[in-house]
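Engineer: For reference, the sequence and a predicted model appear below.
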Amino acid sequence: SSVYAAPGEHGSVAEYRSRYGHYIGGEFVEPVKGQYFENITPVTGKPFCEVGRGTVEDIDRAVDVAWQAFASWKKTTPAERAVILNRIADRIEQNLEKIAVAETWENGKPVRETLAADIPLAVDHFRYFAGVLRAQEGSLSQIDEDTVAYHFHEPLGVVGQIIPWNFPILMATWKLAPALAAGNCVVLKPAEQTPASILFLFDLIGDLLPAGVVNIVNGFGIEAGAPLAQHRRIRKVAFTGETTTGRLIMQYASQNLIPVTLELGGKSANVFFDDVARERDDYYDKALEGFSFFALNQGEVCTCPSRALIQRSIYDAFLGDGLERVGRIVQGNPLDPATMIGAQASNDQLEKILSYIDIGKAGGAKLLTGGERVDLGGELSGGYYVAPTVFEGTNDMRIFQEEIFGPVVSVTSFADFDDAIGIANDTLYGLGAGVWSRSGDTAYRAGRAIEAGRVWTNTYHQYPAHAAFGGYKQSGIGRENHLKMLDHYQQTKNLLVSY
Ligand code: NAD
């Protein structure tokens, strides 16, 4: 299939507005201070629309509107909310291509990913929470002859949500679907690097929700994010982003003593035991693909398998084949369905990655492939492209310990099972990990021994809505996805009644 026309070009399936205000009370409104900021596409490095630059005044307004909407939203039944969530899923599905192209244009990720993963997963997320909501029941227990205890699920009220730029629509969905299912109203602050795809989405789905149930205020972290997380009238703050920002969010939330969900950074180990290379078969091929997944989504994934641990006895052979596989990753225009790796989401991110490549070299790591910015020529010359990069080194180096958030993997070897687990766990983080072994016993034991909220065994990078996701250690607090997520957005009301 052919390259999609860029939004703004003749024949594009997706057109952005040239200017977006905040989405408050079911409509786009001017920022109180009247200020906007430029939104740049990483595909070409050029601006393509303007977005409202939110301040505390906009946050106040959105929180007010959300509380007004809550008065009737909280009275809706689970069945009514499930119908709405299913309609949202249907509408997104009907507009899949349009939304996928819009998301690709804003974030730089390949359209083959947004078409096959990001947007279909968002659809499924709404359907999943529509489903689990219907299955959630309260309880009644008898205390004594004359007394019963009822347990009800009640929404928290208005919740604040702050999200990053790496999966703009999917991260919004992970937060919105359970919050709405549980009956809350929301004020969401997208990342300043990718503010518009969520507004694009609400242009398409906004009419399906009562006005004010979801409100979106854009802007920068300090100007709009901090006033939201510190707001006296929100009942919870859910945050996805860097560990350093997560610490601040927890401090803000402590002022109002409200709960937090924090989904933070990672430095995931991808562990390859020697039996992986016993045969050159389909399984081996899948393991090599698993190795190459560090470049998926340009490495801008919190669970990016950014440390590869390969058992010493197969080290040279497996790494050689892995490098060959990396060489087959097609880098190009993100709007081309053949492209496997696109552009980094922002110029800042591009520079951060390049500086880590220097840090790797200066720290004594050996660069095996990549390690540079890529110029794709023509219109794409201004875009933010980095070659998939493989370093060899030791786990004490900065490139093994710090999150780079780019298509960079740091490879090292291990002697035996205990050595592998020791290296895998020698990190501040504990979000994801991968374990590859043909032995069920080894895979199981390693999966249990690694301190991470999600360990993929003999697979990597799958995100079904019904599998709990979240961090150990400094990767976060709480879980997302899974039916348990509803509990993060509900109070349990106990009514103890004597008859
Ligand atoms: P970031 O922390 O810089 O920004 C995230 C969001 O927080 C943005 O909307 C930003 O505007 C806002 N923000 C920044 N400072 C703030 C403040 N003081 N108060 C309130 N809000 C503030 O992170 P990022 O660079 O956008 O995202 C990348 C990070 O997100 C990586 O560390 C990655 O691992 C992590 N991430 C984690 C998960 C997960 O589920 N654990 C998923 C995706 C991304």
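Structural biologist: On my side now, so go ahead.

Engineer: Buried residues, stretch 321-329. List them.
Structural biologist: The neighbour-count check on stretch 321-329 (16 or more other Cβ atoms under 10 Å) flags Asp321, Gly322, Leu323, Arg325, Val326, Ile329 as buried. For every residue, glycine as well, the C-beta is placed using N, CA and C.

Engineer: any idea how far the last one lies from the ligand?
Structural biologist: Spatial separation of Ile329 from the ligand under the definition Cβ to the nearest ligand atom, to the nearest Å is 21 Å.

Engineer: Tell me if I'm right that that residue and Pro388 touch.
Structural biologist: Yes. Taking Cβ atoms under 8 Å as the definition, Ile329 is a contact partner of Pro388 at 5.3 Å.

Engineer: Contacts only, for the nearest residue to Asn218 once chain neighbours are set aside.
Structural biologist: Spatial nearest neighbour of Asn218, chain neighbours left out: Pro195 (4.2 Å); criterion: Cβ to Cβ, 6 or more residues apart in numbering. Counting by Cβ atoms under 8 Å, 6 or more residues apart in numbering, Pro195 touches Tyr20, Asn39, Val51, Asn218.

Engineer: ditto for Gly183
Structural biologist: Trp73, Lys74, Thr76, Arg81, Glu154, Pro155, Gln490.

Engineer: returning to that earlier point: list residues touching both of Ile329 and Pro388?
Structural biologist: Common neighbours of Ile329 and Pro388 are listed as Ser292, Ala295, Ile341 (criterion: Cβ under 8 Å, 6+ apart).

Engineer: For the residue nearest to Asn218, what are phi and psi?
Structural biologist: phi -80, psi -20 (degrees, to the nearest 10).

Engineer: returning to what we had before: redo the shared contacts of Ile329 and Pro388 as a markdown table? Include distance to the ligand and neighbour count.
Structural biologist: A markdown table is the format used below for the shared contacts of Ile329 and Pro388 (distance: Cβ to the nearest ligand atom, whole Å; neighbours: other Cβ atoms under 10 Å):
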| residue | distance to the ligand | neighbour count |
| --- | --- | --- |
| Ser292 | 20 | 26 |
| Ala295 | 16 | 26 |
| Ile341 | 18 | 26 |
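
Engineer: Those into TSV, with extra columns for pLDDT?
Structural biologist: Output for the shared contacts of Ile329 and Pro388, formatted as TSV (pLDDT from 0 to 100):
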residue	pLDDT
Ser292	98
Ala295	98
Ile341	98
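
Engineer: now, which of those residues lie within strands?
Structural biologist: Of the shared contacts of Ile329 and Pro388, none are assigned to strands by DSSP state E.

Engineer: From the residues you listed, pick the one nearest Val408.
Structural biologist: Nearest to Val408, judged by Cβ to Cβ, of those is Ala295 at 8.6 Å.

Engineer: need the helices for the stretch 1-150 of the chain, in chain order.
Structural biologist: 56-73, 78-94, 96-107, 111-113, 119-135 (DSSP state H, counting those that start in this stretch).

Engineer: could I get those helices as JSON lines with mean neighbour count and mean pLDDT?
Structural biologist: Below are those laid out as JSON lines (neighbours: other Cβ atoms under 10 Å; pLDDT from 0 to 100):
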{"stretch": "helix 56-73", "mean neighbour count": "20", "mean pLDDT": "98"}
{"stretch": "helix 78-94", "mean neighbour count": "18", "mean pLDDT": "98"}
{"stretch": "helix 96-107", "mean neighbour count": "26", "mean pLDDT": "98"}
{"stretch": "helix 111-113", "mean neighbour count": "22", "mean pLDDT": "98"}
{"stretch": "helix 119-135", "mean neighbour count": "21", "mean pLDDT": "96"}
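
Engineer: And the average pLDDT for stretch 485-498 is what?
Structural biologist: Across stretch 485-498, the average pLDDT comes to 94.

Engineer: Give me the buried positions along that stretch.
Structural biologist: Residues of stretch 485-498 classed as buried: Met485, Leu486, Asp487, His488, Tyr489, Gln490 (neighbour count, 16+ other Cβ under 10 Å).

Engineer: and what of stretch 224-232?
Structural biologist: Residues Ala224, Gly225, Ala226, Pro227, Leu228, Ala229, Gln230, His231 are the ones in stretch 224-232 that count as buried (16+ other Cβ under 10 Å).

Engineer: So which residues on the stretch 151-300 of the chain come close to the ligand?
Structural biologist: The stretch 151-300 of the chain comes close to the ligand at residues 162-166, 189, 191-192, 220-222, 225-226, 229, 240-242, 245, 248, 263-266, as judged by Cβ under 6 Å from any ligand atom.

Engineer: re the thing from before, minimum distance to the ligand: which of the helices of the stretch 1-150 of the chain has it?
Structural biologist: Ranking those by distance to the ligand, with Cβ to the nearest ligand atom as the measure, places helix 56-73 first at 10.6 Å.

Engineer: next one: that closest one to chain centre, how far?
Structural biologist: 26 Å (Cα atoms, centre = their mean, to the nearest Å).

Engineer: What of stretch 212-226?
Structural biologist: 18 Å.

Engineer: Wait, Tyr150 touches Thr492, no?
Structural biologist: No. Assessed by Cβ under 8 Å, Tyr150 is found out of contact with Thr492, at 10.5 Å.

Engineer: Chain neighbours aside, what residue packs nearest to the closest residue to the ligand within the stretch 1-150 of the chain?
Structural biologist: The stretch 1-150 of the chain approaches the ligand most closely through Gly54 (10.0 Å), counting by Cβ to the nearest ligand atom. Nearest in space to Gly54, with sequence neighbours left out and distances taken as Cβ to Cβ, 6+ apart, is Gly219 at 3.2 Å.

Engineer: tell me, how many neighbours does that neighbour end up with?
Structural biologist: When counting by other Cβ atoms under 10 Å, one arrives at 26 neighbours for Gly219.

Engineer: Could you measure from Gly25 over to Gln68?
Structural biologist: The gap separating Gly25 from Gln68 is 8 Å, by Cβ to Cβ, to the nearest Å.

Engineer: Please disregard the earlier target; I meant Phe202.
Structural biologist: For Phe202, the distance to Gln68 - Cβ to Cβ - is 18 Å.

Engineer: One more: Ile399?
Structural biologist: Look at Ile399 and Gln68: by Cβ to Cβ, they are 50 Å apart.

Engineer: what's the answer for Leu140, then?
Structural biologist: The gap separating Leu140 from Gln68 is 33 Å, by Cβ to Cβ.

Engineer: for Ile359, same thing?
Structural biologist: Distance of Ile359 to Gln68, given as Cβ to Cβ: 50 Å.

Engineer: same question, Leu85
Structural biologist: Relative to Gln68, Leu85 is positioned 21 Å away (Cβ to Cβ).

Engineer: ditto for Phe28
Structural biologist: Distance from Phe28 to Gln68, counting by Cβ to Cβ: 18 Å.

Engineer: what's the answer for Ile314, then?
Structural biologist: 62 Å.

Engineer: just Glu451 next, same as before
Structural biologist: 44 Å.

Engineer: about what we covered before: filter the buried residues of stretch 485-498 down to the ones near the ligand?
Structural biologist: Among the buried residues of stretch 485-498, no residue is within reach of the ligand (Cβ under 6 Å from any ligand atom).

Engineer: As a markdown table, those residues with secondary structure would be great.
Structural biologist: Compiled in a markdown table, the buried residues of stretch 485-498 are given as follows (DSSP: H, G, I helix; E, B strand; the rest coil):
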| residue | secondary structure |
| --- | --- |
| Met485 | helix |
| Leu486 | helix |
| Asp487 | helix |
| His488 | helix |
| Tyr489 | helix |
| Gln490 | strand |
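
Engineer: These into JSON lines, with extra columns for distance to Phe405?
Structural biologist: Putting the buried residues of stretch 485-498 into JSON lines (distance: Cβ to Cβ, whole Å) gives the following:
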{"residue": "Met485", "distance to Phe405": "25"}
{"residue": "Leu486", "distance to Phe405": "30"}
{"residue": "Asp487", "distance to Phe405": "30"}
{"residue": "His488", "distance to Phe405": "25"}
{"residue": "Tyr489", "distance to Phe405": "28"}
{"residue": "Gln490", "distance to Phe405": "33"}
